[in-house]
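Engineer: just coords:
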């Protein structure tokens, strides 16, 4: 049985630069569903296909439980991105730190999405910048990697602006919108991160 106290200790809430990054909560469902529905056509070329049940309240509740469990075990951290203006908080997108690997690898994979109406405003670049201290200082990992479609120039800009280096192309890497697609691979190591910060 998981306790709320244990979950709170392992789930980050990161604030800065007018943003809040935190794990999904049950009461986020309506805002999340609306943002995903409104952005469906925009996101379709960049994501796996969604089953019809994906946006149901039941599916969302299961997602929240899974996110809490994964954070408790330190294997994955799913975060929503909110803009913050005074007391007004608006859900704009999300990011996931997945496949946390320890031992000799000390690596994590970053993924993210942005609602259509909030894209192109620099929010994701700022969000990735906010998550990096959590990756390197709190989780004490050595490397963070990310992948994007070769023609996704916006995502490539986000990664480059945060010091990620392009390390190659992975053939048929992920199934996107029903097709296996090549992806550009990017990575940021602790050494390069420290040099950027210093």
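Structural biologist: Thanks, I have the structure now. Note that the structure is predicted; figures quoted are calculated from it, not measured. Numbering: from 1, shown residues only.
Engineer: quick one, phi/psi of residue 164?
Structural biologist: Geometry field for residue 164 lists phi and psi as phi -70, psi 140, criterion degrees, to the nearest 10.
Engineer: ok, it touching residue 189?
Structural biologist: No - the criterion here is CB atoms under 8 Å, and residue 164 misses it with residue 189 at 9.8 Å. C-betas here are computed from N, CA, C, even on glycine.
Engineer: Counting neighbours around each, name which of these two comes out higher.
Structural biologist: Taking neighbours as other CB atoms under 10 Å, residue 164 and residue 189 compare with residue 164 leading, 23 against 19.
Engineer: Give me the distance between the residue positioned nearest the centre of the chain and residue 145.
Structural biologist: To find the centre residue of the chain, average its C-alpha atoms and take the closest one (CA atoms, centre = their mean): that gives residue 95, at 1.5 Å. Separation of residue 95 from residue 145 (CB to CB, to the nearest Å): 14 Å.
Engineer: again, but for residue 92
Structural biologist: On the measure of CB to CB, residue 92 and residue 145 end up 24 Å apart.
Engineer: now do residue 67
Structural biologist: Using CB to CB, residue 67 is found at 21 Å from residue 145.
Engineer: now do residue 110
Structural biologist: Going from residue 110 to residue 145 by CB to CB gives 7 Å.
Engineer: quick one on the thing from earlier: show the contacting residues for the residue nearest to the centre of the chain.
Structural biologist: 21, 78, 79, 81, 110, 111, 112, 113, 127, 128, 131 (CB atoms under 8 Å, 6 or more residues apart in numbering).
Engineer: Could you find the closest non-adjacent residue to the fourth one?
Structural biologist: Residue nearest to residue 81 in three dimensions, not counting chain neighbours: residue 93, with 4.5 Å by CB to CB, 6 or more residues apart in numbering.
Engineer: Next up, phi/psi of the one you found, please.
Structural biologist: Backbone geometry at residue 93, expressed as degrees, to the nearest 10, gives phi 180, psi -160.
Engineer: ok, how many other residues are close to it?
Structural biologist: Burial of residue 93, expressed as a neighbour count using other CB under 10 Å, amounts to 23.
Engineer: hang on, isn't it packed against residue 127?
Structural biologist: Yes - applying CB under 8 Å as the test, residue 93 and residue 127 come out as touching, 7.4 Å apart.
Engineer: shared neighbours, those two?
Structural biologist: Counting by CB under 8 Å, 6+ apart, the common neighbours of residue 93 and residue 127 are 81, 112.
Engineer: I'd like the average pLDDT over stretch 154-164.
Structural biologist: Throughout stretch 154-164, pLDDT has a mean value of 96.
Engineer: separation between the nearest residue to residue 49 once chain neighbours are set aside and residue 44?
Structural biologist: Ranked by CB to CB, 6+ apart and with sequence neighbours excluded, the top spatial neighbour of residue 49 is residue 178, at 5.3 Å. Residue 178 sits 10 Å away from residue 44, going by CB to CB.
Engineer: These two: who's more crowded?
Structural biologist: For residue 178 versus residue 44, neighbours defined as other CB under 10 Å are more numerous around residue 44 (14 against 9).
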